[in-house]
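Peer 1: Prediction below, plus the sequence it came from.
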Amino acid sequence: MTSDNSEASGVSEPKYPEVMEAPRYSCALGGAISTALGIFGTVPILHSGAGCGQAHLNGQAYGCGENAGGPQGGTSTPCSCLVEEHVIFGGENKLRNLIQSSIELMDGDLYAVISGCVPALTGDDVESVVKEFKEKANIISVKTAGFIGNSYKGYELFFQAVIDQLLRPLPVKKGRINIFGVVPYQHLFWKGDLKVLKSTLQRLGIEANIILREFGGPQNLQEIPAAELNVVLSPWNGHEIAKSLQEKFGTPYLTFPGVPIGPKQTSNFLLQLAGRLNIPAEKAQKIINEEESIVYRFVEYLGDVHILGLPHPYFATVADSGNAIGITQFLANEMGYLPEVVIITDNPPQEIRDGITRELTENIESIFKPDIIFESDSHKIRQKLRDRNFLVLLASSLEKFIAPELGAAVHLSVSFPSFDRLILERSYAGFSGGLNLMEDILSKIVAPL
Amino acid sequence: MQSSQNLIDQEINLSENTCPNREQRARGINVYYGRASELVRDAKCGKLHNRERKFQQASGCVLNFYLSVRVNTIRDAAVIFHAPVGCSTPALGYRELFRDIPVELGRPDNFDLHWMTTNINEQDVVYGAADKLKFAIEEAERRYSPRAIFILTSCVSGVIGEDIEGVVNEVQPFCSARIVPVHCEGVRSRLVQTGYDAFWHGVLKYLVKKPEKKQKDLVNVASMLSYTWQDRREITRLLGKLNLRPNFVPEFATVEQFEQLSEAAVTAPLCPTYTDYLSKGLEQEYGVPYFLYPSPMGIAGTDEWLRKVARFTGKEGEVEALIDEEHKKWQPKLDIIRKELEGFKGNGEKIEVLGSLGQGRLLAQLPFFDELGLSSKAAMAQDFDNLILEEVEDLIGKVGDFDILVNTFQAAEQAHITRQLNPDLALTCPFQGGAYKRLKGITRIHALRGDSLPWSAQSGYTGAVTYAAFLLQSLKSVSFQRTMLAKTRDSYRDWWYDQPNPLHYLEKEA
């Protein structure tokens, strides 16, 4: 069954649906900061009020598995710290001084000037100021007033700025791909998942440019046009980037509904890629057979706690669309868990919602199909989780303390925000990723059998 | 200009929509480096000015240092951020804050916190969002039936000229919750402390009720987020021995606790410059007396804090007995730790401590360090204003002159001074970036509110002993910071540390 906000709550669409409790993302500027910080070697330079970086630290970074700001994040991020006089007289000179000093003081392969609400309202000519530094440093301007969209939009605007201002055509390297759609800090496991995917693809002879989480990130950016194929791991995030790259460099793209979790999804992922990149299917199948057999050999170890401790429970997923699809399909299609309800929290565009719903119904092997609800308002999410049967709740840490009132015996934070776990390289991606997920779920409930 | 220096002595004007900024109210600054005695001298002759830096780092604004993570902890209230969606992300921890405190330690079993955002978008920027704010207030009332609704404003609501009071006046007659607008537009002030005053202004103007009866045993205690659950327990224990009750606001308080602020016997500080606007307002409007110094930190500080509370509550007779009793119990324990701290370096020298402090901690912690036999030849303060002018003078008298770097979480400046002064122990908070990577000691300057572990206490007598032991413990651990120093890159180029001035990028005065 599918429902949107109005149907599930039994009331008509509110006058201002965007007025909500605790939506699970930041603004466009937040998404751009996240992306810049994810590309190691980039120095973000904020042209904004003084609190925007602090908000990123306390909200996006701590909410992404309690991550610190790191060497260029948090209060280390250069910022023009605009106040009233800059609103009145303009902040261009302040920005000029800030860019100059940031280049002098902080070592970077790329300087990303990320401008927020205030200069957008006062009309600072950020591009002209940035242009003055083109000779001195690798520098781009990303215009992300907070009021133009959320973190996901910021991720796309960052890459759009890279495409428009940085990239030049390169000869295509065979077997090389770029990975998009894994939005740093919104996808909690971005660091671990990208590492796992890169090494998994390496086995197949595919060189994946994961862009994020590696030293030399700006070099990774430069090499984007060298890819044979762009791969997007989300039903909607990163699609605009891939389209842009196709227009500008002619690179085709292939999309997947999310980061593949466990052997079935990962096998499908590899086979599809092999097909697109003209890698013999037998080669892929050989790797799949090897990986599968060892993973399922390990699944044997969890058999007793699985069947004695928590067999075939109903479960609920509350997550961004890509994550929700990956987790729900893995648990339903491999572990025999019963998907009761999936709440999609990242506010995907209307036109792709049917596709998400299909992934979560037609591609679910259980005879029991979940309710699919699109909802970003944490108050309504709580209401829509009531009066159900699930024992396992895979959600954000916002649901941690309401899990008992909802009747859930197990709560695990798998989506943003997650303040209740430290996430460094944890990953649910790839063949073994499902094992990690099962460790985390069952560790919440195991006891002497 | 001379008169504006004394704006802090003028009446609080509750007919205004908000307070004056700290810059105007107390000639506040957040840029200075020099001797504390010079700072005092410059302040006295009106020579302190905020100057631009050519290099600056994200440090926190009037909304987003503090209010965004704090106001939403008021238990039976709802908060509306009238802002784009990003301004409220720090508030996403609201359902978890305080929840890990065991009920046995006094946490209420059931509570539910709520906040919403108006999610100001492009269309609102063009056409205004007053109707949407109105809708949000009505929706909050429908959903949560709160006793109060706080509206937190933002840069955008300010720049586009939203008429917040207009909306409040229109909606309040139909709303059973008391609506409290708080003007915390990020661009309004350089000083995050303006946010405190703006919040208290709203509380005083809209929430505090005329006293129905005076509660002679009630002590208002305005507590910072850097005071932990154990600090509250210690304050409660000490006041309890005098048959007094604390009224802790604003964090995790009920709306009724705000309404009753006017009925208390006294307003006592944990942090003077945090509490000041509220204290003055309560005295001016309702005759509730107050004192601002000292904070209950360290043995002497706690003694004096209790004596002052006692003076306003008629407990002078009992307080000396309490102080004696506490000294007998805690002073010997503190002496043991002090002895170990004094002998730690083995060469007769005192341990040198560098802390990054708010104004309140600057005044409270330096004497406490002195009590512990620690030396602080320098300190960093988040900001400086005339509210603490005399007290800094007293402090210099007590502990001697010291260097002071005034900045609001400027990580490069803090890393610089930490490297340059190379203290035995650097007390950091995460906001100092990589300043923790060093050969000598590091630890946190304080824990946070939700922390209920006994070792996180700092206030009162038990806090003095606990924090002393904590500092001693920190000196025994060096591998983390040394490893990180050796194995990671610094955020700044080498030349930064080779030149002498942490305020290298200060602009020349116009």
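Peer 2: That came in fine, so what should we check first?
Peer 1: for the nearest residue to B:Gly373 once chain neighbours are set aside, phi and psi?
Peer 2: Leaving aside its sequence neighbours, B:Gly373 sits nearest to B:Glu342 (CB to CB, 6 or more residues apart in numbering or on different chains; 4.4 Å). Every residue, glycine included, has its C-beta placed from N, CA and C. Dihedral pair for B:Glu342: phi -70, psi -30, per degrees, to the nearest 10.
Peer 1: ditto for A:Val43
Peer 2: Dihedral angles (degrees, to the nearest 10) for A:Val43: phi -100, psi 110.
Peer 1: Check the spacing between it and A:Trp236 real quick.
Peer 2: A:Val43 is 29 Å from A:Trp236, where distance means CB to CB, to the nearest Å.
Peer 1: Go ahead and confirm the residue nearest to B:Gly373 touches B:Glu349.
Peer 2: No - shown here, B:Glu342 and B:Glu349 do not form a contact pair, counting by CB atoms under 8 Å, at 9.3 Å.
Peer 1: More neighbours: these two, which one.
Peer 2: Comparing B:Glu342 with B:Glu349 by other CB atoms under 10 Å in any protein chain shown, the one with more neighbours is B:Glu342, at 15 against 11.
Peer 1: now the more buried one: how far from chain A?
Peer 2: Using CB to the nearest CB, to the nearest Å, we find B:Glu342 at a distance of 34 Å from chain A.
Peer 1: before we move on, what about B:His82?
Peer 2: Separation of B:His82 from chain A (CB to the nearest CB) stands at 10 Å.
Peer 1: Verify the stated contact: that residue with B:Ala129.
Peer 2: Yes - with contact defined as CB under 8 Å, B:His82 counts as touching B:Ala129 (7.1 Å).
Peer 1: Common neighbours of these two, please.
Peer 2: Counting by CB atoms under 8 Å, 6 or more residues apart in numbering or on different chains, the residues touching both B:His82 and B:Ala129 are B:118, B:120, B:157, B:162.
Peer 1: SS state for A:Pro14?
Peer 2: Three-state assignment for A:Pro14 (DSSP: H, G, I helix; E, B strand; the rest coil): coil.
Peer 1: before we move on, what SS does the residue lying closest to it once chain neighbours are set aside have?
Peer 2: Spatial nearest neighbour of A:Pro14, excluding adjacent residues (CB to CB, 6+ apart): B:Glu139 at 7.3 Å. For B:Glu139, the secondary structure call by three-state DSSP comes out as helix.
Peer 1: residue contacts, B:Glu139?
Peer 2: Counted by CB under 8 Å, 6+ apart, B:Glu139 has contacts A:14, A:19, B:116.
Peer 1: try 10 Å
Peer 2: Contacts for B:Glu139 (CB atoms under 10 Å, 6 or more residues apart in numbering or on different chains) come out as A:14-16, A:19-21, A:379, B:78, B:80, B:116, B:118.
Peer 1: Buried among those? Need that as a selection in ChimeraX.
Peer 2: Buried members of the contacts of B:Glu139, defined by 16 or more other CB atoms under 10 Å in any protein chain shown, are picked up in ChimeraX with:
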select /A:14,16,19,20,21,379 /B:78,80,116,118
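Peer 1: and the contacts of B:Glu139, which of them are in strands?
Peer 2: Among the contacts of B:Glu139, the members found in strands (DSSP state E) are A:20-21, B:78, B:80, B:116.
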